[in-house]
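this one's structure only:
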């Protein structure tokens, strides 16, 4: 199971994966939601009896400059790491204080998320920024204990 540092570690790892694309390409964590499917699943054999709180992390990824080229590169980069485990996250995260935040046997899925135009517009309005092309991804479930 992950500890409280997992959200920061996953966010830092995704930022590091996107860094080679260029300046201005960055993930923004805009929502954390309960993952009811993982919450209702029976405990795995051999796991501790402590119940984790499974959550999904929702990211918006934006670019600057040649947005189309940058977002295309971001899609490719995130498709190459469709699952993140603790070792992969630790390899991408520079801050040693975040190492080991994800459980040794835990991994999270990185998947594109489709938002409606209405939801996208509301999100941009909430951020106080004009509407622009963006990618949306869900990462989870993260099992916080």
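Sure, I can see it. Keep in mind that this is a model prediction, so the values were computed, not measured.

mind showing which ranges of this structure have poor pLDDT?
The chain contains residues with pLDDT under 70 at 38-50.

Please, where are all the helices along it?
Counting by DSSP state H, one finds helices in the chain at the ranges 6-18, 36-40, 67-79, 86-92, 117-127.

Which residue lies nearest the spatial centre of the protein?
residue 139 (4.0 Å; Cα atoms, centre = their mean).

circling back: I'd like the helices of the chain as CSV, with distance to residue 102 and mean neighbour count appended.
For every residue, glycine as well, the C-beta is placed using N, CA and C. Converted to CSV, the helices of the chain look like this (distance: least, Cβ to Cβ, whole Å; neighbours: other Cβ atoms under 10 Å):
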stretch, distance to residue 102, mean neighbour count
helix 6-18, 6, 21
helix 36-40, 14, 12
helix 67-79, 17, 16
helix 86-92, 4, 17
helix 117-127, 27, 12
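
Out of those helices, which is closest to residue 145?
helix 6-18 (9.5 Å; Cβ to Cβ).
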